[in-house]
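Asker: Just to be clear, the model below is a prediction. Sequence and coordinates:
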Amino acid sequence: MSRYAVSKFLFTYNKEQALRDAFAVEPEQAMRTFTLTERERAALTAFDFRTLYDSGIHPLLLTALANGAGIPILSYFESLRSGQPVPPAAVGATFSSTPSAGSK
């Protein structure tokens, strides 16, 4: 995995409402302008936080994705601990339109 490409995507996701909105509707389309591998795209769309973390992505950037997807923080932590992607039932019905606290 390219830590830079994934980190850049997550940083931009945290800062830009338009990217969060696009990712909520059509993740593949939202990621098209970033040089992400298939494995990276799959991990991002599956909310596979452990795979992303193990590849060197900072957990605060991952938290922005969890917050934007409406994933409860405990589900995010459990995904990091267990190595399993967040179950679809834990993903919020709608994505948050509010950036995480780290982007203020």
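Answerer: Perfect, thanks for sending it.

Asker: CA atoms for contacts and neighbours, from now on please.
Answerer: Fine.

Asker: Quick check, Tyr53 in contact with Thr63.
Answerer: No - Tyr53 is not in contact with Thr63 according to C-alpha atoms under 8 Å; the separation is 10.8 Å.

Asker: more neighbours, these two?
Answerer: Thr63 (21 against 16; other C-alpha atoms under 10 Å).

Asker: Got the confidence number for that one?
Answerer: With respect to pLDDT, Thr63 scores 94.

Asker: what does Val6 give?
Answerer: 97.

Asker: Contact partners for it?
Answerer: Val6 is in contact with 36, 40, 57, counting by C-alpha atoms under 8 Å, 6 or more residues apart in numbering.

Asker: ok, and it, which helix or strand is that part of?
Answerer: In this structure, Val6 sits in helix 3-15 according to DSSP states H and E.

Asker: now that helix, how far from the centre of its chain.
Answerer: How far helix 3-15 lies from its chain's middle: 9 Å, per C-alpha atoms, centre = their mean, to the nearest Å.

Asker: could I have the helix or strand following that helix exported to CSV, CA atoms only?
Answerer: The C-terminal neighbour of helix 3-15 among helices and strands, as given by DSSP H and E, is helix 17-25. What follows is helix 17-25, C-alpha atoms only, in CSV (Å, rounded to 0.1, in the frame of the first residue of the first chain):
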residue,chain,number,x,y,z
GLN,A,17,-17.5,18.1,2.4
ALA,A,18,-17.9,17.3,-1.4
LEU,A,19,-15.6,14.3,-1.1
ARG,A,20,-17.5,13.0,1.9
ASP,A,21,-20.7,13.4,0.1
ALA,A,22,-19.4,11.7,-3.0
PHE,A,23,-17.9,8.8,-1.1
ALA,A,24,-21.2,8.2,0.7
VAL,A,25,-23.0,7.9,-2.7
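
Asker: in whichever helix or strand comes after helix 17-25, what's buried?
Answerer: Following helix 17-25 in sequence order, the next helix or strand is helix 27-30 (DSSP H and E). Buried residues in helix 27-30, counted by 16 or more other C-alpha atoms under 10 Å: 27, 30.
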